[in-house]
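Colleague: predicted structure and sequence below. I'll ask about it afterward.
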Amino acid sequence: ASDVYKRQMVERISHDFQLGGHKAAAIAMVLERASIDLVSEMDDDFVRRIFLEPKPSAQAALDAAMASQPEIQSRRQDITRLEDALRRYEQLDTLRAQAGAERKRLAQKRSDYDTARARTDAAAQALETARGKLREQPKLAVAAAEDDAVLEAVDAAHKQGIADAILVGGEAAIRKIAAELNIDLSDYEIINEPDKVQASLKAVKLAHDGVANMYMKGLLDTKTFLKSVLDKEVGLRTGNTLSHVAVFEVKGIEQLLFLTDVAFMTYPTLEDKVHIIENTVAVAHACGVECPKVAPLAAVEVVNPKMPCTVDADELRKMNAEGKITGCVVDGPLSMDIAIDPEAAHHKGAQDRPAAGHADILLFPDIQAGNLVYKTLVHTADCKNGCILTGTKVPAILTSRSDSFQTKVNSIALAAVVAAGLDQ
């Protein structure tokens, strides 16, 4: 019905429409200067008879108008080019701002690198100085030395001038292994004691009496080794809490990292953590780090009462500020990324925290977290490491059968450096 009505209207207009004089004159004036396009459903011939040009759509009418006016088309193109130029200019402004920010970031990174490099160089120099001040070559007492991996590491340390050794254990077994490894035993003192428990007690007594200034676990279980360390008569007790420290040199991180506790203290209390810091700070000092930065680690860098390790971290920070923990700077809680990565610290707005990006000592909330990080570094990162037990009269080397040959040698070297610090 609608289509029929439209046709009737068109027919009626075509038949009855009469153009008034004024309207006709106005249209005539327009037509003198321009053509008029009409988009409608009327017959094209009829539209032309009224001096209009029929077009199928508004876009077609606009395209025709633009094509008929080159000057307008040219100006439209100029406007398009100008808009493109403005967009490119805005992009250049953005790029300039980004370049400025990148230059600032690189300058800060360079500054961080120079600072860390200077600290590393100073630490390396201090290590050499500590070794040079030893009254004599450090001596290592090995309990149950009839272990091929340990004996090989001890011999390598001896050849590198790190330490001499007294081998306590079954002499026949020691000599058999040495022959298989082509190790010359003429430079070693051997104390024959086939019994593992007695070998541990005789070896630790050498350290207790000052004959040796390092004590190392050989082919005996950890429980027996620790019992000898804690023996009331011949052990290495000092009254201090015992803790474990692993010292890492990691590619991409300029400073040495002191990880604690990753192997001995399971779930340390706040008081335990104070002792762990004290033990590890002594090791850091011996390694040439004059004022180590301690980061009590947590998943977050703010105090959360529902996360006890963050509360402990804040208490440790306060104790350090009050002078109850000395020889270091304690800054916690800190997340791992903020503690060791200056760029991460900057992105999180924590770059002004004392240990941000340059923490030396990483204090873990428990053995689970510490041991996971330790093994992740050992098995995935380009790194070197050595480990010792601290809080004892002399450094105790407690390595695992799975530790590499180089880790065992590094652990002896670390113990020698710490022994040098204690000797002074």
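Modeller: Alright, I've got the coordinates. A quick note: this is a predicted structure, and the numbers were derived from the prediction, not measured.

Colleague: need the strands for this structure, in chain order.
Modeller: Taking DSSP state E, the strands of the chain run over residues 37-38, 53-54, 139-143, 164-169, 189-192, 214-217, 243-250, 257-260, 293-296, 329-330, 361-363, 383-390, 396-397.

Colleague: out of these, nearest to Ala313?
Modeller: For these, proximity to Ala313 was assessed by C-beta to C-beta; strand 293-296 is nearest, at 3.6 Å. Glycine gets a C-beta too; all of them are placed from N, C-alpha and C.

Colleague: can I get the closest one in PDB, CA atoms only?
Modeller: Coordinates of each C-alpha in strand 293-296 appear next as PDB, following Å, rounded to 0.1, in the frame of the first residue of the first chain:
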ATOM      1  CA  LYS A 293      72.400  -4.300  52.600                       C
ATOM      2  CA  VAL A 294      70.100  -6.900  54.200                       C
ATOM      3  CA  ALA A 295      66.700  -7.600  52.600                       C
ATOM      4  CA  PRO A 296      64.300  -9.700  54.700                       C
END
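
Colleague: check what pLDDT Lys23 gets.
Modeller: Looking at Lys23, its pLDDT is 64.

Colleague: likewise for Glu53?
Modeller: On pLDDT, Glu53 comes in at 83.

Colleague: now do Gly357
Modeller: pLDDT for Gly357: 89.

Colleague: one more: Glu171?
Modeller: pLDDT, Glu171: 95.

Colleague: surely it meets Ile190?
Modeller: Yes - the criterion here is C-beta atoms under 8 Å, and Glu171 meets it with Ile190 at 5.3 Å.

Colleague: quick one: the residue most central in space within the chain and Ala64, what's the gap?
Modeller: Centroid-nearest residue in the chain: Asp337, 4.5 Å away (criterion: C-alpha atoms, centre = their mean). Distance of Asp337 to Ala64, given as C-beta to C-beta, to the nearest Å: 64 Å.

Colleague: for Phe405, same thing?
Modeller: 87 Å.

Colleague: before we move on, what about Ile340?
Modeller: 69 Å.

Colleague: who has more neighbours out of these two?
Modeller: Shown here are Ile340 and Ala64; by other C-beta atoms under 10 Å, Ile340 has more neighbours (24 against 14).

Colleague: follow-up on the earlier one: which one is the residue nearest to the centre of the chain nearest to, not counting chain neighbours?
Modeller: In this structure, Asp337 finds its nearest non-sequential neighbour in Ala344, 4.0 Å apart by C-beta to C-beta, 6 or more residues apart in numbering.

Colleague: tell me the contacts of the one you found?
Modeller: Asp337, Ile338, Gly357 (C-beta atoms under 8 Å, 6 or more residues apart in numbering).

Colleague: rerun that using 10 Å as the cut-off
Modeller: Taking C-beta atoms under 10 Å, 6 or more residues apart in numbering, we find Ala344 in contact with Ser335, Met336, Asp337, Ile338, Ala350, Gln351, Ala356, Gly357.

Colleague: the stretch 51-200 of the chain: helices as residue ranges?
Modeller: With DSSP state H, counting those that start in this stretch as the definition, the stretch 51-200 of the chain shows helices at residue ranges 58-68, 70-132, 148-159, 171-180, 196-208.

Colleague: just for this structure, where's the confidence low?
Modeller: Low-confidence segments of the chain, defined by pLDDT under 70: 1-7, 9-10, 12-28, 31-33, 68-76, 108-109, 111-136, 422-424.

Colleague: ok, back up a step: pipe the strands of the chain into CSV and attach distance to Arg110 and mean neighbour count per row.
Modeller: As requested, those are arranged in CSV below (distance: least, C-beta to C-beta, whole Å; neighbours: other C-beta atoms under 10 Å):
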stretch, distance to Arg110, mean neighbour count
strand 37-38, 67, 16
strand 53-54, 71, 16
strand 139-143, 42, 28
strand 164-169, 44, 25
strand 189-192, 52, 16
strand 214-217, 40, 28
strand 243-250, 20, 23
strand 257-260, 21, 24
strand 293-296, 20, 28
strand 329-330, 23, 22
strand 361-363, 25, 27
strand 383-390, 24, 23
strand 396-397, 38, 26
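
Colleague: with distance to His158 added, can I get those strands in a markdown table?
Modeller: Formatted as a markdown table, the strands of the chain follow (distance: least, C-beta to C-beta, whole Å):
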| stretch | distance to His158 |
| --- | --- |
| strand 37-38 | 102 |
| strand 53-54 | 106 |
| strand 139-143 | 9 |
| strand 164-169 | 6 |
| strand 189-192 | 12 |
| strand 214-217 | 12 |
| strand 243-250 | 21 |
| strand 257-260 | 26 |
| strand 293-296 | 34 |
| strand 329-330 | 38 |
| strand 361-363 | 30 |
| strand 383-390 | 16 |
| strand 396-397 | 14 |
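
Colleague: for Ala419, find the nearest of those.
Modeller: strand 214-217 (5.6 Å).

Colleague: that closest one pairs with which strands?
Modeller: Strands that pair with strand 214-217, judged by DSSP bridges, come out as strand 139-143 (parallel), strand 396-397 (parallel).

Colleague: these: which one's closest to Leu377?
Modeller: strand 396-397 (19.1 Å).

Colleague: next one: the closest one to chain centre, how far?
Modeller: Computed by C-alpha atoms, centre = their mean, to the nearest Å, the chain-centroid distance of strand 396-397 equals 28 Å.

Colleague: quick check: neighbours shared by Glu171 and Ile190?
Modeller: Common contacts of Glu171 and Ile190 (C-beta under 10 Å, 6+ apart): Ala145.

Colleague: now for the spatially closest residue to Gly421 that is not a sequence neighbour, how many residues are close by?
Modeller: Among residues not flanking Gly421 along the chain, Ala286 sits closest, at 3.0 Å (C-beta to C-beta, 6+ apart). Neighbour count for Ala286, taken as other C-beta under 10 Å: 22.

Colleague: kindly report the same for the one 3 residues further on.
Modeller: Counted with other C-beta under 10 Å, residues neighbouring Val289 total 23.

Colleague: can you give me the distance of it to Met307?
Modeller: To Met307, Val289 is 29 Å away according to C-beta to C-beta.
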